[in-house]
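Peer 1: Sequence and computational prediction follow.
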Amino acid sequence: MDIRDFLRARWAEERADAIAAQKIDPTPWRAEATDDGPGPEFRPVQGGGVVIAADEIPLWDSEGSFLLCMTAPTARHVARWHPGHVLAELDAKERILAICNNMLAGSDRDAEVLADVTVREFASVYSAHPDYDPAWRVE
């Protein structure tokens, strides 16, 4: 498996997870959170928050789970990384990878170095994955 196949496999996993999550909890998501003062109606404590799906149902409620409350910063982070955002980011990464592949097939040395470093940096996010090759690290 080369580095580009490795990236495509990781992105396919993320895409499948995002699509599955989006079917259960439609996007975009928003955080209903406070850093101080009374919390949202779903979590009446200070500094708490929940993530609300586009259908105005808190995440986890639509799945029949107990309400998961989290700190306000975590709720905002989770809402920001909703499946629609993840899918858009994956689409952008795949377009960039296609451009890098075209550059690597060409003869422009500067473009080749840029493409190589870009692909290696994309892979670095998955360095804890068992299929990650340490030789892909950017030096």
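Peer 2: Yes, it's here.
Peer 1: helix or strand for the residue lying farthest from the centre of the chain, which one?
Peer 2: In the chain, Ser107 marks the outermost C-alpha relative to the chain mean, sitting 33.4 Å out by CA atoms, centre = their mean. Using DSSP states H and E, no element contains Ser107; it sits outside every helix and strand.
Peer 1: Quick check on it: phi, psi?
Peer 2: phi -120, psi 0 (degrees, to the nearest 10).
Peer 1: Tyr126 too?
Peer 2: Main-chain dihedrals, Tyr126, degrees, to the nearest 10: phi -110, psi 20.
Peer 1: Spit out the contact partners of it.
Peer 2: Applying CB atoms under 8 Å, 6 or more residues apart in numbering to Tyr126 gives the contacts Phe6, Leu7, Arg10, Tyr132. Using the backbone N, CA and C atoms, a C-beta is placed for each residue, glycine as well.
Peer 1: In terms of pLDDT, where does the residue nearest in space to the middle of the chain sit?
Peer 2: For the chain, the residue nearest the mean C-alpha position is Val86 (4.4 Å; CA atoms, centre = their mean). pLDDT for Val86: 89.
Peer 1: gap between it and Val117?
Peer 2: In this view, Val86 and Val117 are 24 Å apart by CB to CB, to the nearest Å.
Peer 1: likewise Asp131?
Peer 2: Asp131 sits 20 Å away from Val117, taking CB to CB as the criterion.
Peer 1: before we move on, the earlier item: wait, which of the contacts of Tyr126 is closest to Gly49?
Peer 2: Nearest to Gly49 among the contacts of Tyr126: Arg10, at 29.1 Å, using CB to CB.
Peer 1: The closest one touches Pro130, doesn't it?
Peer 2: No. In this structure Arg10 lies outside contact range of Pro130 using CB atoms under 8 Å: 11.5 Å.
Peer 1: In terms of neighbours, single out the busier of those two.
Peer 2: Neighbour comparison, Arg10 and Pro130: the larger count goes to Arg10, with 19 against 5 (by other CB atoms under 10 Å).
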